[in-house]
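S.K.: What follows is a protein structure lacking sequence information:
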């Protein structure tokens, strides 16, 4: 989902004024960018998980407590 943002194709990743990339070079650059994006996404996920884990309270139930049981997914 782009949420109204402009989509950036691999052609747009090159800096202004750089020489045009050809076949193998553009594949290499695209692969590097994809790896960089994956690393940044993983770092963000780890940060969000850490934040959520700090605030999560363990659930404890006693015999006789009434709970909602979800039967279907």
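M.R.: Sure, I can see it. Keep in mind that what you see is a predicted model, and the values were worked out from it rather than measured.

S.K.: C-alpha from now on. contacts and neighbour counts both.
M.R.: Will do.

S.K.: Phi and psi next, for residue 63.
M.R.: phi -60, psi 130 (degrees, to the nearest 10).

S.K.: Relative to residue 5, how far out is the residue lying farthest from the centre of the chain?
M.R.: Most distant residue from the mean C-alpha position of the chain: residue 64, 41.5 Å away (C-alpha atoms, centre = their mean). From residue 64 over to residue 5 the distance is 52 Å, taken as C-alpha to C-alpha, to the nearest Å.

S.K.: next one: residue 67
M.R.: Taking C-alpha to C-alpha, one finds residue 67 at 43 Å from residue 5.

S.K.: now swap in residue 31 and tell me
M.R.: 22 Å.

S.K.: higher neighbour count, the two?
M.R.: Ranked by neighbour count (other C-alpha atoms under 10 Å), residue 31 and residue 5 place residue 31 first, with 13 against 7.

S.K.: check which helix or strand covers the more buried one.
M.R.: Assigned by DSSP states H and E, residue 31 falls within helix 23-55.

S.K.: Go through that helix and flag the buried ones.
M.R.: 26, 30 (16 or more other C-alpha atoms under 10 Å).

S.K.: Run the chain-centre distance for it.
M.R.: 7 Å (C-alpha atoms, centre = their mean, to the nearest Å).
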